[in-house]
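>>> Quick one: sequence and predicted model below, then my questions.
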Amino acid sequence: MLIKRKPGWALPHSAVTPEAHYANRRQIMAGLGASAALAGSGLALSGCGEAAETGGATGDAAGGILRADTQRRDLTATANAALSTDEPVNAHEAVTGYNNFFEFGTDKGDPARYADALTVDPWSVEVSGLTDAPGRYGLDELIDFQALEQRIYRLRCVEAWSMVIPWIGVPLAGLIDALKPQSAARYVRFETVLRPDEMRGVGARVLDWPYVEGLRLDEARNELAFIAVGLYGEVLPKQNGAPLRLVVPWKYGFKSIKSIAAIRFTETMPMTSWHKVAPGEYGFYANVNPEVSHPRWSQARERRIGEFGRRDTVKFNGYGPWVADLYDGMDLTRWY
């Protein structure tokens, strides 16, 4: 993958108008204190919230070329069946209407209600650190919109619910390699945009903004790691992390950072947002592991949105054949 600088007459991806936002959901928590107090509190605060009991599954979204007509540009993706689950996908309104994006508020409907204030045109990403390609890049310079894939991945939230989502995007490995990390780089740090005038939720010190996540470089280069720019054949809605977000399907959902504005290559492990606020609950690795309980609930079972009852949680969210060897010899209980 190459970083491409398009001619001035080329239509930018950011010209697409996103689809309207969706329904309110119930509140995850009430009364937020300072970040230091949250770490020791009994509040059910996490990178994902308790699942709504609405939003059933629909039919499989796979199958050849997927197109979505938008106001000014089609979003076209080729289905990657080899890396997609054949499980039924969740309903569009479940995925787009029930979100955690605390920069817009802690109520589950707040992102859909308030994220429209986020400006995504223009958008750029600052690349820095141990790289031979530092600089500020526009969205179309980072993402090849002529080579988009659709991948249907399971998403497992840290609070024991799950969904199946048809993402559209590009492999993270290609983007990483195009940004030319230096030999000393061992980790990649991602940072969400921080705009207090557009993100009403940052006034509450739920986290130490801006939101930060990270991966080891070998994790980032794994074939499952994905940069999403859309879902269900449409441009990524703002409440789902427009214009680009990380998707790491073998990890709990809070690792999949939204609205990425900065990428930094480092030699040392970056301090990530949830690990900073509650290190005993949210480790850096955050791999799905039914054998390791959260301090306040079991991870052995999960509720799939749209289903009654619970199902067994599978280690690495079922993606062990692709990723288990990344952690050979590690005690993953250290990094919940």
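Arrived safely.

>>> So for this structure, which residue is the most central one in space?
The C-alpha lying nearest the average C-alpha coordinate of the chain belongs to residue 256 (Cα atoms, centre = their mean; 2.7 Å).

>>> For that residue, give its distance to residue 123.
18 Å (Cβ to Cβ, to the nearest Å). Bear in mind the C-beta positions are built from the backbone N, C-alpha and C, glycine included.

>>> residues contacting the residue nearest to the centre of the chain?
Counting by Cβ atoms under 8 Å, 6 or more residues apart in numbering, residue 256 makes contact with 155, 213, 241, 245, 246, 247, 248.

>>> now do residue 298
residue 160.

>>> Equivalent analysis for residue 105, please.
For residue 105, the contact set (Cβ under 8 Å, 6+ apart) comprises 111, 113, 114, 200, 201, 204.

>>> Pretty sure residue 276 sits in a strand.
No: the assignment for residue 276 (DSSP: H, G, I helix; E, B strand; the rest coil) gives helix, which keeps it out of a strand.

>>> For burial, what's the neighbour tally of the spatially closest residue to residue 120 that is not a sequence neighbour?
Leaving aside its sequence neighbours, residue 120 sits nearest to residue 243 (Cβ to Cβ, 6 or more residues apart in numbering; 4.7 Å). Neighbours of residue 243 under the rule other Cβ atoms under 10 Å: 25.

>>> what about residue 243, which SS state?
Under three-state DSSP, residue 243 comes out as coil.

>>> Filter the contacts of residue 105 down to just the buried residues.
111, 113, 114, 200, 201, 204 (16 or more other Cβ atoms under 10 Å).

>>> Sort out for me which of those residues are in helices.
111, 113, 114 (DSSP state H).

>>> Between those, which sits nearest residue 300?
residue 111 (28.9 Å; Cβ to Cβ).

>>> Correct me if wrong: the closest one contacts residue 101.
Yes: the pair residue 111 / residue 101 is scored as a contact, 4.0 Å apart, by Cβ atoms under 8 Å.

>>> joint contacts of the two?
Joint contacts of residue 111 and residue 101 (Cβ under 8 Å, 6+ apart) are residue 239.

>>> How many residues are close by residue 77?
Neighbours of residue 77 under the rule other Cβ under 10 Å: 24.

>>> Against which helices or strands is the one helix or strand it maps to packed?
If you go by DSSP states H and E, residue 77 is part of strand 75-79. When contacts are defined as 3 or more Cβ pairs under 8 Å, 6 or more residues apart in numbering; DSSP states H and E, strand 75-79 packs onto strand 65-68, strand 149-156, strand 226-231.

>>> How are the strands of the stretch 151-300 of the chain distributed by residue range?
161-171, 187-192, 212-216, 226-231, 234-235, 245-247, 260-266 (DSSP state E, counting those that start in this stretch).

>>> Quick check: residue 258 touching residue 102?
No: here residue 258 lies out of contact with residue 102, judged by Cβ under 8 Å, at a distance of 10.1 Å.

>>> so what's in contact with the two at the same time?
Counting by Cβ under 8 Å, 6+ apart, the residues touching both residue 258 and residue 102 are residue 211.

>>> Low-confidence regions, the stretch 1-150 of the chain specifically.
1-74 (pLDDT under 70).

>>> all helices for it, in order.
35-39, 92-97, 110-114, 139-142 (DSSP state H, counting those that start in this stretch).

>>> which residues does the residue nearest to residue 152 when sequence neighbours are not counted contact?
Counting by Cβ to Cβ, 6+ apart, residue 152 lies nearest to residue 84, which is 4.0 Å off, once chain neighbours are set aside. Contacts for residue 84 (Cβ under 8 Å, 6+ apart) come out as 62, 150, 151, 152, 153.

>>> Equivalent analysis for residue 261, please.
Residue 261 makes contact with 123, 124, 125, 126, 191, 192, 193, 194, 210, according to Cβ under 8 Å, 6+ apart.

>>> Please work out how many residues are found near the fifth one.
The reference is to residue 191. Considering only other Cβ under 10 Å, residue 191 is surrounded by 22 other residues.
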